[in-house]
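Enquirer: this one's structure only:
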Ligand code: PBG
């Protein structure tokens, strides 16, 4: 054969492959989600998320210090609200001494440089397990947005660096931005879950926080996975309303959306490699059907290649271990 172009030349050795690799994962790419519970010394494994734990504040602080020492620069906080504090108005969500607010303070005290991001949505606090206030079986938009704005201010007051609204109500980014401005929190950022799909892949997360919807589903606010146009529309609107970072969620089944969003906005794009995506890899690995380490790195590299400059993932710690390997 006479060829003048041989593509295999650039694949011949690990050295040459590393020279031409387009996508390189680094520890600062990862956002580590953390589930905080009340108590002391508590470390409970989440049944559907093998190897992932809910932790009380004291142990969460140790975890955050370890993550920082590994090079991870941000954590995303979720709290498990005790049942007796749940209601339909998100009362506990704005409690200045609530678990979220105490967690933020404790983490910022222990590891001030760590970028603390906080989940903003009502589901962990809702007796209905919905992201907003429920009236006559509907999740009502505007009253919910008021609480989300107050919640964001309360997180900012506790020391949060970036609030991350994950609720998909209309108009919440602008309301949050204005509320933060008005309260003087001009340095606090917003990472908006802009293109968040109504996905079965959130199942294990809802186990982790005991936050599954009590009735119906989330399809009246989260997006239909059949659609791509509204992902672009939602994201562009969130940027116009003041989002600093936008997010696509889940990640692996939505790589096309990540790419399109990245091509359409001028802000950093994050992707959430969600609980179900974690659980699938863990389960297959446990069965001996997949090489876990390879699956982790291939998945995360693909998500970054698609256009995500930040990835929220339960594999953050493992990934850093593997890339430093
Ligand atoms: C709730 C929220 C969810 C996730 C992040 N924030 C679940 C949901 O919308 O039902 C999912 C994260 C995951 O599955 O890892 N607002």
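Expert: Nice, thanks for sending it over. Predicted model only: the values in this text are computed from it and were never measured.

Enquirer: show me what from this structure comes close to the ligand.
Expert: Proximity of the chain to the ligand, by Cβ under 6 Å from any ligand atom, involves residues 119, 121, 123, 131, 166-167, 202, 205-206, 218, 274-275. Using the backbone N, CA and C atoms, a C-beta is placed for each residue, glycine as well.

Enquirer: what's the most distant pair in those residues?
Expert: 167 and 275 (17.3 Å; Cβ to Cβ).

Enquirer: could you pull up the mean pLDDT of stretch 270-279?
Expert: Taken as a whole, stretch 270-279 has a mean pLDDT of 98.

Enquirer: quick one: residues in contact with it.
Expert: With contacts defined as Cβ atoms under 8 Å, 6 or more residues apart in numbering, stretch 270-279 is touched by 31, 48-50, 52, 191, 193, 199-205, 208, 245-252, 254, 258, 299-300, 303, 306, 308-315.

Enquirer: and for stretch 170-183?
Expert: By Cβ under 8 Å, 6+ apart, stretch 170-183 touches 120, 141-142, 144-146, 148-150, 152-153, 156-157, 163, 165, 186, 188, 190, 192, 237-238, 241-243.

Enquirer: at 7 Å what do you get?
Expert: 141, 145, 148-149, 152-153, 156, 163, 165, 188, 190, 192, 238, 241-243 (Cβ atoms under 7 Å, 6 or more residues apart in numbering).

Enquirer: now do the strands in the protein.
Expert: 30-37, 43-46, 49-56, 74-79, 115-120, 133-135, 138-140, 162-165, 189-196, 245-249, 269-273, 310-313 (DSSP state E).

Enquirer: for this structure, which helix is longest?
Expert: helix 141-158 (DSSP state H).

Enquirer: what's the offset of that helix from the middle of its chain?
Expert: Put simply, helix 141-158 sits 18 Å off its chain's centre (Cα atoms, centre = their mean, to the nearest Å).

Enquirer: stretch 35-50 now?
Expert: With Cα atoms, centre = their mean, you get 18 Å for stretch 35-50.

Enquirer: out of the contacts of stretch 170-183, which comes closest to residue 102?
Expert: residue 156 (14.9 Å).

Enquirer: the helices in the stretch 201-325 of the chain, which residues?
Expert: Here the stretch 201-325 of the chain has its helices, by DSSP state H, counting those that start in this stretch, at 203-209, 229-241, 255-264, 275-286, 292-306, 316-324.

Enquirer: mean pLDDT lowest where, among the ones you listed?
Expert: helix 203-209 (a mean of 91).

Enquirer: tell me how far the residue lying closest to residue 49 once chain neighbours are set aside lies from residue 50.
Expert: Leaving aside its sequence neighbours, residue 49 sits nearest to residue 204 (Cβ to Cβ, 6 or more residues apart in numbering; 4.9 Å). From residue 204 across to residue 50, the span is 10 Å (Cβ to Cβ, to the nearest Å).

Enquirer: of the two, who's got more company?
Expert: residue 204 (22 against 14; other Cβ atoms under 10 Å).

Enquirer: just put the helices of the stretch 201-325 of the chain in TSV and tack on distance to residue 2.
Expert: TSV is the format used below for the helices of the stretch 201-325 of the chain (distance: least, Cβ to Cβ, whole Å):
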stretch	distance to residue 2
helix 203-209	55
helix 229-241	46
helix 255-264	37
helix 275-286	44
helix 292-306	33
helix 316-324	41
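
Enquirer: lowest-pLDDT helix or strand in this protein?
Expert: helix 203-209 (a mean of 91; mean pLDDT, DSSP states H and E).

Enquirer: need the residues that contact that helix.
Expert: By Cβ under 7 Å, 6+ apart, helix 203-209 touches 35, 46-49, 54, 78, 80, 124, 212, 274-276, 279.

Enquirer: stretch 98-108 too?
Expert: For stretch 98-108, with Cβ under 7 Å, 6+ apart as the criterion, the contacting residues are 36, 38, 57, 60-61, 64, 77, 79, 81, 92, 95, 114, 116, 118, 154-155, 158-160.

Enquirer: again, only using 8 Å
Expert: Contacts of stretch 98-108 (Cβ under 8 Å, 6+ apart): 36-38, 57, 60-61, 64, 75, 77, 79-81, 92-93, 95, 114, 116, 118, 154-155, 157-160.

Enquirer: great, nothing more from me.
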